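Enquirer: just coords:
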């Protein structure tokens, strides 16, 4: 967050369903036209779905790319991710969110196996989301 702040990047924290929880803004003057365009995209369900789909596509590509590279050195099962990729529906935001969750679960499951094989004493249990007190 410091890096984003240093580079004058505003941050919007959203709840699981897209409601605005909080924002941080840079000390520099905000570009009002940009904010208006961003809100217009959010209010347009087609644009919002398209943007969400593009973000998730890139996340899945990156996850799959890393696992494929690691598969040269470790026993990695890509079958779950490959099945999910075949059945994704980019026309429904709820299904898209479930899809992203299943891909992330499979990704972290495979990474956990690798971490356990490298350092059994570490006891990596998977990615955890920590709550900040009061949020």
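Expert: Sure, I can see it. Everything quoted here is computed from the prediction, not taken from an experiment. Numbering: from 1, shown residues only.

Enquirer: Can you tell me how far the residue nearest the centre of the chain is from residue 84?
Expert: Geometric centre of the chain, nearest residue: residue 59, 6.2 Å, by C-alpha atoms, centre = their mean. Noted for residue 59: a distance of 12 Å to residue 84, by C-beta to C-beta, to the nearest Å. Using the backbone N, CA and C atoms, a C-beta is placed for each residue, glycine as well.

Enquirer: burial count for residue 51?
Expert: Close neighbours of residue 51, defined as other C-beta atoms under 10 Å, add up to 13.

Enquirer: In space, what's closest to it - neighbours in sequence excluded?
Expert: Spatial nearest neighbour of residue 51, chain neighbours left out: residue 41 (6.6 Å); criterion: C-beta to C-beta, 6 or more residues apart in numbering.

Enquirer: That neighbour: neighbour count?
Expert: The criterion is other C-beta under 10 Å. On that basis, residue 41 has 13 neighbouring residues.

Enquirer: you'd agree it is up against residue 52?
Expert: No: applying C-beta atoms under 8 Å, one finds residue 41 not in contact with residue 52, separated by 10.7 Å.

Enquirer: low-scoring stretches of the protein, by residue?
Expert: 26-30, 123, 125-135 (pLDDT under 70).

Enquirer: Now do the strands in it.
Expert: 11-14, 20-24 (DSSP state E).
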